[in-house]
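In: requesting a structural model of the entry that follows:
(2 chains)
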Amino acid sequence: MIPRSGYSAIAALCGAVLVFFLAPGAAAAAESGPPAPPPGAPEGALGNTAAVALLFWVLALATVAGAVFVITRRNMVAGVMGLVFTFFAVAVLYAMLYAHFLAVLQVLVYAGAIMVLFVFVIMILNKPEDEPWALTGLVGKAIAGLALLYFLMRLGGVLWGVREKPAASGAELSPGGTIQSGDFGSLAEVGRVLFSDYVFAFEAIALILLSAVVGAITIARPGSGSSSQDADEGAAVGDGERAPDA
Amino acid sequence: MIELTREDFLYQIPLLILAVSGVMLILLEAFTEGNRRDFLMSLSVAGCVGALLSSIVLFRSIGDESIELFGGMLVADRLAYVLTGLFAGATALSAMLTADHQRTHRWEVGELYGLMLIATAGASLLSMAGSLVTIFLGVEMMSIAIYDFMAARRGSRPGTEAAMKYFLMGAFSSGFLAYGIALLYGATGTFDISSIAAFAAENPSDPLLVVGALVLVVALAFKVGAVPFHMWAPDTYEGAPTPLSGFLASVAKAAGFIAAVRIFAEAFGGDVMPFGRLGWASVFAALAAITMTVGNLAALRQERIKRMLAYSSIAHAGTILVGLVAVGVGAGDGAMAAVVYYLIAYSLTTIGAFGVVSWIGSRDKERLRIDDWSGLAVSHPLAALVMTVFLLSLGGIPPLAGFFGKFYVFSQAVSAYDQQLLWLVVIAVLNSILSLFYYLRVVMAMYFREPEGAFTPMRSPATVIALGLCAFFVVKMGVLPGGWMSIAGG
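Out: Numbering: from 1, shown residues only, chains lettered A, B, ... in the order given. This is a model prediction of the structure:
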């Protein structure tokens, strides 16, 4: 179990990564205007660069804040609500990138179906809310903290250089820069790409989903593949002394 | 818009055989009744043999060409077919051992064989990956199927713990994988590995590219169990059903390495990355040194044989990383061949070693402590001999496969890059010597101690055939390494 400070550290790391990653892009957007909207996009819909940058920043920070909220809550229902918030903010970010279909799917699938599943699981588990946090030694924390600091320093230094990027390679950063079609992000366009360029990936995902479903049924099916003797033996194997790990 | 041709399907026949027979087995399992374990096992072995044979045919016919399929999603070349053949063969051996483990310990889960084939299809997808999308799909296809069948032995508490740990760590590393791929896409605007290579050659120090590559290193280090991303490995290998630990140590590990080769050797081929003197290989060099040392030191202290083999597997991952470093500093095809040879040798040896561990376990007692192996040479001399062969091969004793694996990898690493990797090779050789201590401990227990009591191990033909095949190839790869080296591409 990761100690609580571990979660905070991970949260800080994710936040820092996102901020470093996103800040230069937003700054560039504010300087040079939204990079090359697809030709068919309605003119002026997102024309105000300052407003776009502001909206982007608000949503990006909301996404990170929601994610941090999720991993710092002890109450699982509160955590799940934070997750819903993040999902919605990401959906709006998708919409800002002209990926309307993806935004709709994000709301339907993640904010809808998957969240309901989460809530059901929490309800069924009915877990007591507070749980003791495991503690690790001070030395481990110190090492982890130093490593994290070093990583953040390196990451920050490296990502700072991204600022120069848009000047160097122009419109390559534009969303959908590789697809010069007017209806980028529409249902028709997503379908076309999915069943032509990525048809192999589409088929492979079918196999992945199959194994996930079969596995879920295999694991959840009651009363298969074990006897009481197995359980005894398993416990015996697990309870024996274990040599300490390095 | 890509045009699909007949070649797109012809060159991925091994993959199709694995995937289709996996799906068929799952269907068949639902419609058969009664004691169907051996039936399903032999069908899965047949599927693997089919994939192995078609890999051999394609390997011979493709020559030195590299053919892009599905618009670059897959790449068919000799490397892909060698690895696919290895995965198929290793899966067949694991399936044969698993059937007897199931019979002895009475856990009947027929879906296991279909899922094993799907996991192998995922591994073979990784070996043919031409695009980061394929890498992600391959890793997920393999991992999800493995999570499933690791949890299949439901009565066993350590088995469930093993599956859960593997699942959590695997899901965590999948997050890293997706994040790294996203960063690379953000930097280059493409998923295609050859296009990324072209971009990296022009902009070697692009910040997003560097961070993306670093995050991918983390993700793949989780998958191959390299220190410091190894914490799941000992518990998982120890708790999992023994033949499946062998599967994890061979197929899953080799697949992680081939993904690393596809990404790092092919996308970032030159010394283009600004991580110190050695490019991206400097990260792998550090990982290799820590992984070998920690793995071996921890293995020295183990009293349980599966845990010892797990740490030994971590140490071997470090040795393979030495080979990857040699590839990374431009040692070229020779180093790549050494890595592939090592993967083949290590996979066969480790499946065999876990197979013997599974073989001596009987219904009431799994015999997982090293003390339980006392006097095996008296009661079961052949089993002790076979196990000795595997352990000596793992330790790198000359006339066996493991020795030549280490020899090729070390000699490539020494000669690469003006002998600047000498320090790494010295660490690796010292570690190899260290590893002999814990391998020989088991050999000593088997040969120089009194037996503690008679027992009846499993006596089914499938196990005996599988162990015999492993031992045969381990000896053959050691006695006649040249042919295998040329298969590996040297």
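
In: so what's the residue count around residue B:202?
Out: Close neighbours of residue B:202, defined as other C-beta atoms under 10 Å in any protein chain shown, add up to 9. C-beta here means a position set from N, CA and C on the backbone, and glycine is covered the same way.

In: ditto for residue B:279
Out: If you count neighbours by other C-beta under 10 Å, residue B:279 ends up with 22.

In: ok, residue B:18 next?
Out: That count, for residue B:18 with other C-beta under 10 Å as the rule, works out to 33.

In: so who does it touch?
Out: B:47-48, B:51, B:88, B:117-118, B:120-121, B:124 (C-beta atoms under 8 Å, 6 or more residues apart in numbering or on different chains).

In: excluding chain neighbours, what is closest to it?
Out: Closest residue in space to residue B:18, ignoring its immediate chain neighbours: residue B:121 at 4.0 Å, by C-beta to C-beta, 6 or more residues apart in numbering or on different chains.

In: who's in contact with the one you found?
Out: A:207, B:15, B:18-19, B:22, B:141.

In: residue ranges with poor pLDDT in the chain?
Out: Reading this off chain A. The model of chain A has pLDDT under 70 over residues A:1-48, A:127-136, A:161-183, A:223-246.

In: hm, I was asking about chain B
Out: Along chain B, the parts satisfying pLDDT under 70 run over B:1-2, B:34-35, B:269-278, B:364, B:490.

In: and the one helix or strand residue A:94 maps to, what does it pack onto?
Out: Here residue A:94 sits within helix A:76-96, counting by DSSP states H and E. Applying 3 or more C-beta pairs under 8 Å, 6 or more residues apart in numbering or on different chains; DSSP states H and E, one finds that helix A:76-96 contacts helix A:49-72, helix A:100-105, helix A:115-125.

In: distance-wise, check residue B:338 relative to chain A.
Out: Counting by C-beta to the nearest C-beta, to the nearest Å, the gap from residue B:338 to chain A is 28 Å.

In: contacting residues around that residue?
Out: Counting by C-beta under 8 Å, 6+ apart, residue B:338 touches B:323, B:326, B:405, B:408-409, B:411-412, B:488, B:490.

In: skipping its backbone neighbours, what lies nearest it in space?
Out: residue B:408 (3.7 Å).

In: take the contacts of residue B:18 and keep only those in helices.
Out: Mapping these onto helices (DSSP state H) picks out B:47-48, B:51, B:88, B:117-118, B:120-121, B:124.

In: of those, closest to chain A?
Out: Using C-beta to the nearest C-beta, residue B:118 comes nearest to chain A of the ones in helices among the contacts of residue B:18, at 4.7 Å.

In: that closest one against residue B:21, yeah?
Out: No: counting by C-beta atoms under 8 Å, residue B:118 sits too far from residue B:21 to count as a contact (9.5 Å).

In: just to revisit the earlier point, most surrounded residue in the ones in helices among the contacts of residue B:18?
Out: Using other C-beta under 10 Å as the neighbour test, the ones in helices among the contacts of residue B:18 are led by residue B:120, with 36 neighbours.

In: ok, now which ones touch that residue?
Out: Residue B:120 touches B:18, B:22, B:48, B:51, B:87-88, B:91, B:142, B:251, counting by C-beta under 8 Å, 6+ apart.

In: if you set the cut-off to 6 Å instead, what comes out?
Out: By C-beta atoms under 6 Å, 6 or more residues apart in numbering or on different chains, residue B:120 lies in contact with B:18, B:87, B:91.

In: ok, so of the residues you listed, who is nearest chain A?
Out: The nearest one, if we look at these relative to chain A and count by C-beta to the nearest C-beta, is residue B:18, at 10.0 Å.

In: need the three-state assignment for the closest one.
Out: helix (DSSP: H, G, I helix; E, B strand; the rest coil).

In: and the gap between it and residue A:203?
Out: 14 Å (C-beta to C-beta, to the nearest Å).

In: which residues of chain B lie near chain A?
Out: B:1-2, B:19, B:26, B:70, B:73, B:106-109, B:111, B:115, B:118, B:133, B:137, B:140-141, B:144-145, B:148, B:151-152, B:154-158, B:189, B:207, B:210-211, B:294, B:297-298, B:301-303 (C-beta under 6 Å from any C-beta of the partner chain).

In: hmm, which of those residues are the buried ones?
Out: Buried subset of these (neighbour count, 16 or more other C-beta atoms under 10 Å in any protein chain shown): B:2, B:19, B:26, B:70, B:73, B:107, B:109, B:111, B:115, B:118, B:133, B:137, B:140-141, B:144-145, B:148, B:151-152, B:154-158, B:189, B:207, B:210-211, B:294, B:298, B:302.

In: tell me how many other residues crowd residue 86.
Out: As the question left the chain open, I've gone with chain A. Residue A:86: 21 neighbours (other C-beta under 10 Å).

In: chain B, not that one
Out: By other C-beta under 10 Å, 27 other residues sit near residue B:86.

In: what does residue B:56 give?
Out: 17.

In: equivalent analysis for the one 5 residues further on, please.
Out: Counted by other C-beta under 10 Å, the residues lying close to residue B:61 total 11.

In: doesn't it fall inside a helix?
Out: Yes: Residue B:61 forms part of a helix when assessed by three-state DSSP.

In: may I see the buried residues of stretch B:472-490?
Out: Buried, per 16+ other C-beta under 10 Å, within stretch B:472-490: B:473-474, B:477-478, B:481, B:484-485, B:487-490.

In: mind checking the SS state of residue B:452?
Out: Criterion first, three-state DSSP; result for residue B:452: coil.

In: grab the nearest non-local neighbour of it.
Out: Nearest non-adjacent residue to residue B:452 (C-beta to C-beta, 6+ apart): residue B:374, at 5.3 Å.

In: helices of the stretch 301-450 of chain B, residue ranges please.
Out: Residue ranges of the helices in the stretch 301-450 of chain B, as given by DSSP state H, counting those that start in this stretch, are B:305-326, B:333-359, B:376-379, B:381-395, B:401-415, B:422-448.

In: which one of the ones you listed lies nearest to residue B:173?
Out: For the helices of the stretch 301-450 of chain B, the distance to residue B:173 is smallest for helix B:305-326, at 14.2 Å, taking C-beta to C-beta.

In: residue B:237 versus residue B:307, what's the distance?
Out: 7 Å.

In: likewise residue B:142?
Out: Noted for residue B:142: a distance of 17 Å to residue B:237, by C-beta to C-beta.

In: how about the strands in the stretch 1-150 of chain B?
Out: Counting by DSSP state E, counting those that start in this stretch, the segments of the stretch 1-150 of chain B that form strands are B:67-69, B:74-76.

In: quick one: contacts for the closest residue to residue B:358 other than its chain neighbours?
Out: Distances taken as C-beta to C-beta, 6+ apart place residue B:242 nearest to residue B:358, at 3.8 Å, with adjacent residues excluded. Residue B:242 makes contact with B:354, B:357-358 under the criterion C-beta under 6 Å, 6+ apart.
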